[in-house]
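Colleague: Okay, predicted coordinates and the sequence, questions at the end:
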Amino acid sequence: MAEDKEAEGEIKERKADELFKEFKEVSITEFFRKNKAHLGYSGKLRSLTTVIHELVTNSLDACEESGILPEIKVEIKQLGNEHYRFTETDNGPGIPEKHIGDVFGKMLAGTKFHRNIQLRGQQGIGVTGVTLFSQMTTGKPMKITTSTGDGRIHEIKLMVDVMKNKADVIETNIVSKLWQGTEIEGELKGVLFNLSEHGPFEYVRRTALANPHLKISFVDPEGRKTVFERASDVVPRPPTEMKPHPKGLSVDELLTKSKMSDARKVSSFLETTFARVSTSKTKELQGMVNFDLNKNPRKLTWAESEEIVQAFEKMDFMAPSIEGIRPIGEKQIEKAFLNVLKPEFHAVVSRKPTVYSGGIPFQIEVGIAYGGSSGKPSAEGTKSEVMRFANCVPLLFDAGGCALTEAINSVDWKRYDVKDFENSPITVFVNLVSMYVPYTSAGKQSVTGEDEIVKEIRMALMEVGRKFQRYHSKLRRDIEKEARMNALMKYSTELAPAIARLIGKDEKKMLKDLQDLIKKKLKMEEEREAKLEEYMEEAEPDTTFKDEEGEK
Amino acid sequence: MMKDRDKFVVSKIKGLAEEISDDIGKGKPPKMHVPLRGLNNVKFDKQSNLLRLGNKTSARNFMNIAHSRKFMQTMLIASKCQELVSRGKTASIREMYYQLKHTIANTKENTFEDQSESDPLIVDLETSLEVLREELHLKADDKGTIIGNIVIEDSGDFIDCNKLGRSGLAIPSIVEQYKFHEVKAEYVLVIETAAMFDRLVEEKYHTKNNCIMVATKGQAARGIRRLISRINRELKLPVIVFTDGDPWGYYIYSVLKAGSMALAHESERLGTPKSSYVGMTMTDIETYGLEKVTEKLKDVDKKRISELLQYPWFQHKEWRHQLSLMAEKGLRIEQQALASKSLEFVAEEYLPEKINSGKLLP
């Protein structure tokens, strides 16, 4: 047994060495070139949406981290067949001159990659990917205009040196002017713009919904400008940096971190790098692994790293702190709904944070909007639309395999008086908030079907469903009441004269008396109903944790 | 000018309007009470062999949106009836419908969309006011035919029903004014289908057998029922009914004899409790070898049989026997199936034989 393990370890060790050798030889930029499909650059429409997504999330993250109320402008111009120019401008903190090259021309150089923090972008390849994609399709550089507000505006044109994984600055210019923010301009070929639900406009619209503190404008290739005004002046509190939790750690992640550590021992490396790993936990770990944890962490092998990960899986740890979670908030979502969708009815529910997969914190926020500009227009009338978000970022693609879609579809909308969900003017909004969103792939467009996540979404949707049902039945009662009033008034114009004629009384007086009677009676009924409703609402039981539809 | 009875009817209509006007004056929802006309408010009086209306009523409330339109319509009819009675005019129920039909001001809705809306409300009015349709100066279309040895006086004219060729006299919906003269016939034969009536006329059955023949042409209208009832009571002529051998034919007989649920309030005037039934019976099939000319019962027929078996006035053992036989065999037999023997068979053998030997059902 022990021999077998040793042998296995030997093989893995060699493999790890090869891996790192390769890592050095093939630059990560080259890797991107070969794998661009995984990063969202597949398909003409999706590639364009990905570009806008990378730029907008970058701007939003920068503004939030520096406590600025973001204002973003996006413009797309058509230059030729499948040839576009994009411009994205923000009022963010600007980029210090010495970092510009790294931000736009070097992979994995972002400020977020090595931190454990709930941010929109997380891979640190985002904006450089845009530079690269632009130069690959057009051969032209990106133009960056940025200033930190120090009176000097830097105008830089740069490309990515693919083999060296660094920026190749082509032109640089400084203008003296007081301004703060960043503007990025570039060209793309082989992409396509349209207004479909997978396109940049929809991306911007949904971003506005999930970020009520954002003012964002969009100019499409036809020159039509849409402005989504800010619904709230509250800047979300900046995200807190969190240590990663030992559960769900991958072998190469652990190995990469260990290589960068300056701790003297593996045990102290683990204690300082990960949350909830105490001295007693490393002692417990020592009993489960076949090597000395006093070893230098930089000399950790793949096999040893794997042993640690496997031991972690078997050990019990305190759940990660929920401190890092930043929901949008019910009130904020409501404001955004009213601002963007102008619905006749809306309901928003923010669930309490909970955990999936034995301890990873997450929180679910859902909303439903009905009427107004809710839903998506189509040739056959307004259809329902489902908006998925992960950490406020719209997920526009791969809806089919997504747990969020699964959860939404599992709700029996008929129970809540939505007779024909598909063909109703309804927008369903689901935001999954977590530091560790379990994406199905590097494209980050769909979430894996964790039971707890699906269940939480169902609960939240059922709650808004019940609210819709109450609204709908009230609406129906109002319509019925009005119809009844109209009918009675209508028939009274025939009934009163007939009676008056029969007994020789004045027809007009009879009609007035009858109509007064009708109005009085209906008003009394309405008052009675209002009282009853008030009572019902007060008496509503807390059904928060009951899955009333039962297991699917 | 107005006859006393007319004055009485007008005062009844006004009384209904007064009650509603009082309700409105007191700020109460206007209501009227209409006797229920269904199985649960109809009783079978074994003594007289007639259906009688019970005293259950339903309140029609104008404020109840399910009643509002009918409420309004009923009062429009009441108002028009008062006008008819006061002016000494009589209108057909179809004319009544057209007189009242118009678009309600500022709407796209008509006071009445179809005559089927006004007809039942007329009956509602009759029953709730406890007056007859003719007393409201309303009549229905002519339906049914009479032929045979009877002279009828109508508005000063004398009509010899034996001298009207093959067509006979059409029976109007109101026959109160009829006076009977020179009746030499010995009985009345009531026939369900027009085709059988024509067959018997061609065979001169009524002259050969000295009887009066009446065709109901389906379910008997009020005029036919009233005429048969009057001939039976006033002239003491026996009434014999001849229908198809199916639940619908048997029900036609039961309506002629005991009255109907819808007009239970008029059974006394419309029913002929002493009438009897000649055919077609289920036993005729075997007796006359008609097995090959029967028809299979449909689901609606079977359902109707079980309904009839529930009615208190179908509890006579002969009738239970006939209905059970029919259900058992799953067969029905039409009057005209007798033509399978010969065209003359019904007139020369079937009817004379059964009637003369008294093989009749009660």
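Modeller: That came through fine.
Colleague: What parts of chain A come near chain B?
Modeller: For chain A, the residues found near chain B under the criterion Cβ under 8 Å from any Cβ of the partner chain are A:483-484, A:487-488, A:490-495, A:498-503, A:505, A:510, A:513-514, A:517-518, A:520-521. Every C-beta, even on glycine, is put in place using the N, C-alpha and C of the backbone.
Colleague: Restricted to helices, list the residues you listed.
Modeller: The subset of these located in helices under the criterion DSSP state H comprises A:483-484, A:487-488, A:490-495, A:498-503, A:510, A:513-514, A:517-518, A:520-521.
Colleague: Quick one, which of these are buried?
Modeller: Applying a neighbour-count criterion of 16 or more other Cβ atoms under 10 Å in any protein chain shown, the buried members of these are A:484, A:487-488, A:490-495, A:498-503, A:510, A:513-514, A:517-518.
Colleague: what stretches of the stretch 451-552 of chain A score poorly on pLDDT?
Modeller: Within the stretch 451-552 of chain A, the set of residues satisfying pLDDT under 70 comprises A:536-552.
Colleague: what's the neighbour count on the residue of the stretch 101-250 of chain A found nearest chain B?
Modeller: Distances between the stretch 101-250 of chain A and chain B by Cβ to the nearest Cβ are smallest at A:Leu195, namely 40.3 Å. For A:Leu195, the neighbour count with other Cβ atoms under 10 Å in any protein chain shown is 12.
Colleague: residues contacting the residue nearest to it when sequence neighbours are not counted?
Modeller: Using Cβ to Cβ, 6 or more residues apart in numbering or on different chains and skipping residues adjacent in sequence, the residue nearest A:Leu195 is A:Phe201, 5.4 Å away. Applying Cβ atoms under 8 Å, 6 or more residues apart in numbering or on different chains to A:Phe201 gives the contacts A:195, A:218, A:220, A:226.
Colleague: distance of B:Gly156 from chain A?
Modeller: Taken as Cβ to the nearest Cβ, to the nearest Å, the spacing of B:Gly156 relative to chain A amounts to 35 Å.
Colleague: Count the neighbours of that residue for me.
Modeller: Using other Cβ under 10 Å as the criterion, B:Gly156 is surrounded by 6 other residues.
Colleague: tell me the pLDDT at it?
Modeller: Looking at B:Gly156, its pLDDT stands at 89.
Colleague: From B:Gln177, how far out is it?
Modeller: The spacing between B:Gly156 and B:Gln177, counted by Cβ to Cβ, to the nearest Å, is 10 Å.
Colleague: cool, A:Leu192 as well?
Modeller: As it turns out, when the distance is counted by Cβ to Cβ, A:Leu192 lies 90 Å from B:Gln177.
Colleague: And the pLDDT for A:Leu293?
Modeller: According to the prediction, A:Leu293 has pLDDT 93.
Colleague: can you check A:Ala208 too?
Modeller: Per-residue pLDDT puts A:Ala208 at 94.
Colleague: if I pick the residue of chain A found nearest chain B, what's in contact with it?
Modeller: Among all residues of chain A, A:Leu502 sits closest to chain B, at 3.7 Å; criterion: Cβ to the nearest Cβ. For A:Leu502, the contact set (Cβ under 8 Å, 6+ apart) comprises B:13-14, B:16-17, B:75, B:78-79, B:82.
Colleague: Can you add neighbour count, pLDDT and distance to chain A and give those back as TSV?
Modeller: Written out in TSV, the entries for the contacts of A:Leu502 read as follows (neighbours: other Cβ atoms under 10 Å in any protein chain shown; pLDDT from 0 to 100; distance: Cβ to the nearest Cβ, whole Å):
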residue	neighbour count	pLDDT	distance to chain A
B:Ile13	24	94	6
B:Lys14	16	94	6
B:Leu16	21	94	8
B:Ala17	22	94	4
B:Met75	28	95	5
B:Ala78	27	95	7
B:Ser79	20	95	4
B:Gln82	24	94	6
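Colleague: Looking at these, which is nearest A:Thr138?
Modeller: Distances from A:Thr138 to the contacts of A:Leu502, taken as Cβ to Cβ, are shortest for B:Met75 (83.0 Å).
Colleague: For A:Asn486, see how far away that closest one is.
Modeller: Between B:Met75 and A:Asn486 the distance is 20 Å, computed by Cβ to Cβ.
Colleague: What lies in contact with stretch A:270-281?
Modeller: By Cβ under 8 Å, 6+ apart, the surrounding residues in contact with stretch A:270-281 are A:242-246, A:249, A:257, A:261, A:263, A:267, A:282, A:285, A:293, A:308, A:315, A:317-321.
Colleague: which of these are buried?
Modeller: Of the members of the contacts of stretch A:270-281, the ones counted as buried by neighbours, 16+ other Cβ under 10 Å, are A:242-246, A:249, A:257, A:261, A:263, A:267, A:282, A:285, A:293, A:308, A:317, A:320.
Colleague: list the contacts for A:His245?
Modeller: A:His245 makes contact with A:274-276, A:317, A:319-320, A:359-360, A:436 under the criterion Cβ under 8 Å, 6+ apart.
Colleague: Could you count how many residues lie near residue 204?
Modeller: I went with chain A, as the question did not name one. The burial count for A:Val204: 24, using other Cβ under 10 Å.
Colleague: if you could check chain B rather than the one you did, that'd help
Modeller: Using other Cβ under 10 Å as the criterion, the residues surrounding B:Lys204 number 11.
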